[in-house]
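**Student:** how does the following fold in three dimensions:
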Amino acid sequence: MSPPGANLSHVEHWVFDLDNTLYPPECEFMALVEGRITDFVVRESGLPRDEALSLQKRYLHEHGTSLAGLMAHYDIDPHRFLDEVHDVSLDCLRPDAALRRGLERLPGRRLVFTNGSARHAERVLDRLGVADLFEDVFHLEAAELIPKPDPRTFDRMIRRHAVQARAAAFFEDTEKNLAPAAVLGMTTVLVGPHAPLSTAPFVDHKADRLPAFLRTARTKELP
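**Tutor:** The predicted structure follows:
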């Protein structure tokens with residue numbers, strides 16, 4: 001007999017990160033975006049590409065996004081940055097019938113909470129064939145360009161969408177982004193092939209494959 005799925009019967013608000021969460025990282029879609037970010041850093045900083053890549057990664061670690069680090073140290077137009085780095089091919093992304101079925105069975109509201117731009121989220125959700133399943137997207141512009149895991153951004157997201165934290169589950173592939181959600185009382189789910197190795201105390205559940213996790217999760221019975 002298969003073991004029971006995660007008990008999410010209390011959840012009414014389903015909050016999902018976008019990139020490398022709603023689709024698997026193996027497709028390397030984000031590698032295309034990261035390459036465009038490196039191009040941008042090279043141009044703005046004047047550094048050789050290897051040094052620009054190191055700076056990009058340091059800013060990501062220290063500030064939550066490379067953009068936040070660039071804004072702190074360079075006079076750049078953040079909207080031009082977002083338009084430029086997200087202007088990549090979507091060819092490696094495909095609709096996933098199992099993902100759609102998993103999302104459809106979740107009772108309550110579904111939201112996307114991303115450090116990407118509004119346009120980026122729209123393109124990716126359309127490409128994955130699941131845009132119609134989400135009530136709304138809380139994107140980087142709505143966060144006033146302050147990325148996860150900043151607690152202020154979680155507060156903004158919760159207020160804007162009237163999310164009840166203790167009745168919410170947050171799915172995310174970046175472990176540190178789950179910590180503020182746990183503080184707020186949200187149930188946290190780490191997603192991705194690295195998830196089973198996590199020992200973080202603020203991670204409630206681990207899903208190496210999101211569709212399979214959603215298929216087996218125990219959810220609230222609808223009348």
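
**Student:** in the longest helix along the chain, what counts as buried?
**Tutor:** With DSSP state H applied, the helix covering the greatest number of residues in the chain is identified as helix 29-45. Of the residues in helix 29-45, those scored as buried under the neighbour-count criterion (16 or more other CB atoms under 10 Å) are 29-30, 32-34, 36-38, 40-42. The way it works is simple: take the backbone N, C-alpha and C, and place the C-beta from them, glycine included.

**Student:** so which of these comes closest to H10?
**Tutor:** Using CB to CB, M30 is the member of the buried residues of helix 29-45 that lies nearest H10, at 31.7 Å.

**Student:** tell me the domain boundaries of the protein?
**Tutor:** 7-24+95-219, 29-85 (automatic domain parsing).

**Student:** tell me which of the ones you listed sits most buried.
**Tutor:** For the domains of the chain, ranked by mean neighbour count under the definition mean count of other CB atoms under 10 Å, the leader is domain 7-24+95-219 at a mean of 18.

**Student:** looking at that one now, give me its mean pLDDT.
**Tutor:** For domain 7-24+95-219, mean pLDDT rounds to 97.

**Student:** now do that domain: distance to the chain's middle.
**Tutor:** Its chain's C-alpha centre lies 6 Å from the corresponding centre of domain 7-24+95-219 when counted by CA atoms, centre = their mean, to the nearest Å.

**Student:** what about that domain, how long is it end to end?
**Tutor:** 7 Å (CA to CA, to the nearest Å).

**Student:** ditto for stretch 24-34
**Tutor:** 16 Å.

**Student:** excluding its own residues, what touches that stretch? List them.
**Tutor:** The contact list for stretch 24-34 (CB atoms under 8 Å, 6 or more residues apart in numbering) reads 19-20, 23, 56, 85-86, 88-90, 92-93, 173, 192-193, 209.

**Student:** of all those residues, which comes closest to A118?
**Tutor:** H86 (10.1 Å).

**Student:** which residues does that closest one contact?
**Tutor:** Contact partners of H86, counting by CB under 8 Å, 6+ apart, are 33, 36, 116-117, 119-120, 123.

**Student:** how about the nearest residue to A195, chain neighbours excluded?
**Tutor:** By the measure of CB to CB, 6 or more residues apart in numbering, the closest residue to A195 outside its immediate chain neighbours is K206, 4.0 Å from it.
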